[in-house]
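**Q** sharing a model that was predicted from the sequence below.
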Amino acid sequence: MSHRLSRRQALVEELLRRFGAAVRGAQLYAPGHPLVTRNTGAFTEALLDLLTDMPSLSIGLLDDEIVVGDQPMPRGSAALGELFGRLRERGVERITFDQGVTSAELGSTIESVCRWLSAAGEADIAGLDLPHVRVGVLNVDRRTPTRVADMATIRALYAKAATTMKAVWSRTAQEEVADAESVGGVADDLAQAVSQNRDALVALTTLRSADDYTFTHMVNVSILTMVQAQSLGIDGDLLREFGVAGLMHDIGKVWTPVEILAKPSALDDDEAAVMRKHPVDGAQILRRTLDLTPLAAIVAFEHHLRLDGSGYPAAVSRDPLNVATMLCAIADVYDAMRSKRHYQEAFPTDRILEVLKRGDGRAFDQDLVRRFVQVMGIYPAGSLVRLNTGAAGVVLQSWPHDPQRPRVRVVFAPDGHRLEASYDINLWEVEPAPHRSSSVAGPTAAPIADFEPTEVM
């Protein structure tokens, strides 16, 4: 496993070097010059090698970090950082390449990048019309240009989203249609936050409140669906549509009797049969809701169906399931299992991931599950973990290339007392050693009462 990850890391670093060389060559020489042809060919070779086991790959700059796919890269060439910084200034956040991309398309892309870099103002991205190359533009939510940078802002945004969805739920129960404008506003805010500060937002999805579970679950599934979609190169308006679908996947439960929805113990067979009506009810509600993406109704109907034909609604065959459905289903199961309920203890992340992997792909698409593990990590942002020395800390960031070695803020000493000054350690960069913090031993509970991990992020 480590050998495969190190090889992938080397391929990604080589891809960036070759991309930079291809752009520099095209800036210096005319199209068709042997150096331009050679550099573009080398970039093509590196990209196609990485695309053999994934549907798409993005490169770009996010929060001053060069990102390939969903993988933040170690600081490299200053010139490369400047190149991506200049692209972002012109409105180009990322460039996404899909499987099937040709060398001719990549040549056109390099030419377009050079044109954008030489432009005085914002890039004319409309000129890049290629079947296997897409450009992501900054500010998914163009109506709200505020930078979502700090945890306090993210926390307020998350709380507002949960409160709004509670109001949407009540209004839908009364009017039997959803408030498309409110839902769209929440999706816009969350999509922007996913693009700008994903780790902080993911950390907030770990907050647990049994009383507000229904509404925080809607928000969490939306966030986790968009995080997965973004890792597949989905952005802009389509990313927002995935977010809306995640928010509304359970809206059919507004017609589920409260005594069943809020039952503090497991449902009996009759009650479970009533509960299983909510996908059909949700699709009906959303089909009647104007100005809402049709994708929301599809996901609401499909999100409890599985690849092997199991799940519900019963006797329904949907082959293939919509990709938004499959991402939402993974997010739904993940968030439900890690939530403490009246009748269920929360499961640790590694146990949940084993459930998602179970059945050798008969229930969930295993390529998407593997991508989910890479994006979220074994220990997601906001998790409290114990290190090999006995010290404990909060995960700040998970690395997709090595999900078991996150960046951690160490908060507690081995004896459990709170450190006066916390410190950060990037486990991906340190060599294993028994006498100092170098690996995660596993998840842990806080050694003091009322400790909230996200407060130290």
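**A** Yep, it's here. Computed from a predicted structure; not experimentally measured.
**Q** CA atoms for contacts and neighbours, from now on please.
**A** Will do.
**Q** so what does the longest helix along the chain touch, helix or strand wise?
**A** Within the chain, and with DSSP state H defining each element, the longest helix by residue count is helix 2-28. Using 3 or more Cα pairs under 8 Å, 6 or more residues apart in numbering; DSSP states H and E as the contact criterion, the elements in contact with helix 2-28 are helix 34-50, helix 103-118.
**Q** from the contact counts, what lies against the last one?
**A** Just to be clear, that refers to helix 103-118. Helix 103-118 is packed against helix 2-28, helix 34-50, helix 78-89, with contacts defined by 3+ Cα pairs under 8 Å, 6+ apart.
**Q** contacts for that helix next, please.
**A** Helix 103-118 is contacted from outside by 22-23, 26-27, 40-41, 44, 86-87, 90, 122-124, 127-128, 130, 132-133, using Cα atoms under 8 Å, 6 or more residues apart in numbering.
**Q** the chain: strands as residue ranges?
**A** Ranges of strands in the chain, per DSSP state E, are 56-62, 65-68, 71-72, 92-98, 133-137, 384-387, 392-399, 402-412, 418-426, 440-443.
**Q** for residue 281, which non-adjacent residue is spatially closest?
**A** The spatially closest residue to residue 281, leaving aside those adjacent along the chain, is residue 252, at 4.6 Å (Cα to Cα, 6 or more residues apart in numbering).
**Q** now swap in residue 348 and tell me
**A** Closest residue in space to residue 348, ignoring its immediate chain neighbours: residue 338 at 6.5 Å, by Cα to Cα, 6+ apart.
**Q** what is the neighbour count of that neighbour?
**A** Around residue 338 sit 18 other residues, with neighbours defined as other Cα atoms under 10 Å.
**Q** wait, residue 246 sits on residue 216?
**A** No - counting by Cα atoms under 8 Å, residue 216 is not a contact partner of residue 246; they are 11.6 Å apart.
**Q** which one's more surrounded, the two?
**A** Shown here are residue 246 and residue 216; by other Cα under 10 Å, residue 246 has more neighbours (33 against 27).
**Q** tell me if I'm right that residue 179 and residue 172 touch.
**A** Yes - counting by Cα under 8 Å, residue 179 sits close enough to residue 172 to count as a contact (7.1 Å).
**Q** between helix 34-50 and the longest helix of the chain, find me the angle.
**A** Taking axes from the mean of the first three to the mean of the last three Cα atoms, to 10 degrees, one finds helix 2-28 and helix 34-50 inclined to each other by 150 degrees.
**Q** from here on, call the first residue 18.
**A** Renumbered: residue one is now 18, and that last one reads helix 19-45.
**Q** and this structure, what are its domains?
**A** Per the record, the chain has its domains at 19-153, 168-393, 401-473, by automatic domain parsing.
**Q** and those, which is most packed in?
**A** Among the domains of the chain, domain 168-393 has the highest mean neighbour count (mean count of other Cα atoms under 10 Å), at a mean of 20.
**Q** state the distance from the nearest residue to residue 180 once chain neighbours are set aside to residue 185.
**A** In this structure, residue 180 finds its nearest non-sequential neighbour in residue 232, 7.7 Å apart by Cα to Cα, 6+ apart. Distance, residue 232 to residue 185, using Cα to Cα, to the nearest Å: 10 Å.
**Q** now the helices for the stretch 218-367 of the chain?
**A** Taking DSSP state H, counting those that start in this stretch to define them, one finds helices in the stretch 218-367 of the chain at 230-248, 253-265, 275-278, 286-292, 295-305, 311-319, 340-354, 366-374.
**Q** any idea which of those helices gets closest to residue 200?
**A** helix 253-265 (6.7 Å; Cα to Cα).
**Q** contacts for the closest one?
**A** By Cα under 8 Å, 6+ apart, the list of residues contacting helix 253-265 from outside reads 153-154, 157, 200-201, 204-205, 207-208, 235-236, 238-240, 242-243, 246-247, 299, 310, 312-314, 316-317, 341, 345.
**Q** same question for stretch 371-383.
**A** Stretch 371-383 is contacted by residues 323-325, 327, 343, 347, 386 when judged by Cα under 8 Å, 6+ apart.
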